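*Asks:* Fold the following for me, if possible:
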Amino acid sequence: MKKTISIVLSAVLALGVLAGCGAKTPTPTTAPTAAPTAAPTTPAATGFAKIGLGLVTSIAKSKDVDPEKGATAQVDTVMVAAAFDKDGKVLSVIIDNAQTKVAYDKDMKLTSDVAAPIKTKLELGNDYGMKAATTIGKEWFEQAEALGDWMVGKTVAEVKALKVKVKDDSHKNVPDVPELTSLVTITVEDYIKGLEKAYANAQEVKEGAVKLGLGQGVSIAKSKGEDGEKGATAQVDTTIVVTALDKDGKVAGTIIDVAQTKVAYDVDGKVTSDKTAVVKSKQELGADYGMKAASKIGKEWFEQANALAAWTVGKSVADVTGMKVLEGKSDDADLKTSVTVSVQGYLDAFKEAAEKSK
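*Replies:* Residues are numbered from 1 along each chain as shown. You can find the predicted model right below:
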């Protein structure tokens, strides 16, 4: 019996030694080979395949004149800049919102300072003032960043499938998933729509892009008050530039767009613009913007903006922002036959995008 037990123990020990030896030989199923599956969500490891910009603009909150308070035209332009990998997964997202108001008195005379700088919600930071009013004690920019972080690693379809709930009449699409309930209480419908549009409009970028930036400039300078014959018109021009940079700070891709939005009033101070209509940017309008006929080079706005964007690729940020400009227009020899629009606003937005890229 003892001999039998001894034989069995010897066999077990022998198998243990063989198993130990076998573990030293890597196989295709060992842990080290699984690590690359996480790479697509790491921009520094893979680089961007495409970048996109999605804009969602609304004038729905504009108000008719009140005999005591006057009138307010409000233009809300949601901006979503995003980078994607070759499989369409989100690698980086920047969300912003230009909530711009143009004020009139009871006689529909313009009271807003049309020369004053206008900041977006992201630029306002803590000054936006949401933190005190929210149940989670987080400012708008913190919530927007948390939502963007949640999008990373997902496809657009997965983002669109986010479960939401109604919080109140002003917040009908608030995230209802455990990972976001303590981080995001803002309504997210337009931000998701912006991401969807960014993917639909996405453009390929030069290999090696790892940083994404969003810059903008907002102006109400072209707004007008009532003149006795014509009603007032509030005009909000929001310039947006998205750029991607490689590890050396060279431009790998750039997108330029402008949301030129008008809110028209009649002589009685009532809004005549359709507040439910879809508002298109200049890029979305394409040939319908109507610049080609008036252009001395016969090119539409989007063609000129795209030519300027293409010119930035391969250059350093300093090379782009150092472009020779004459009376607001490009004086670069390579752009004389392709860009005659004023470029200073685009260069300013590009500079901001590059400086804030991450």
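
*Asks:* Against residue 198, how distant is the residue nearest the centre of the chain?
*Replies:* In the chain, the C-alpha nearest the mean C-alpha coordinate belongs to residue 80, at 2.0 Å (CA atoms, centre = their mean). When distance is defined by CB to CB, to the nearest Å, residue 80 is 5 Å away from residue 198. From N, CA and C alone the C-beta is placed, and that goes for glycine too.

*Asks:* hey, what's in contact with both of those two?
*Replies:* In terms of CB atoms under 8 Å, 6 or more residues apart in numbering, residue 80 and residue 198 are both contacted by the residues 53, 54.

*Asks:* sorry, back to before: mind checking which helix or strand the nearest residue to the residue nearest to the centre of the chain once chain neighbours are set aside is in?
*Replies:* What sits nearest to residue 80 in space, not counting adjacent residues and going by CB to CB, 6 or more residues apart in numbering, is residue 194, at 3.2 Å. If you go by DSSP states H and E, residue 194 is part of helix 189-200.

*Asks:* Return the list of helices and strands in contact with the helix or strand just after that helix.
*Replies:* Note on helix 189-200: by DSSP H and E, the next helix or strand toward the C-terminus is strand 203-204. Contacts defined by 3 or more CB pairs under 8 Å, 6 or more residues apart in numbering; DSSP states H and E place strand 203-204 against strand 50-58, strand 251-264.

*Asks:* mind checking which of the ones you listed is nearest residue 126?
*Replies:* Of all these, strand 50-58 sits nearest to residue 126, with 24.6 Å by CB to CB.

*Asks:* CA atoms only for that closest one - export them in PDB, please.
*Replies:* Extracted in PDB, the C-alpha atoms of strand 50-58 (Å, rounded to 0.1, in the frame of the first residue of the first chain):
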ATOM      1  CA  LYS A  50     -10.300  61.800 -38.100                       C
ATOM      2  CA  ILE A  51     -11.500  65.000 -36.400                       C
ATOM      3  CA  GLY A  52     -15.000  66.600 -36.600                       C
ATOM      4  CA  LEU A  53     -17.000  69.600 -35.600                       C
ATOM      5  CA  GLY A  54     -20.700  69.500 -34.800                       C
ATOM      6  CA  LEU A  55     -22.800  72.600 -34.300                       C
ATOM      7  CA  VAL A  56     -26.300  72.800 -32.900                       C
ATOM      8  CA  THR A  57     -27.800  76.300 -32.900                       C
ATOM      9  CA  SER A  58     -31.200  77.500 -31.500                       C
END
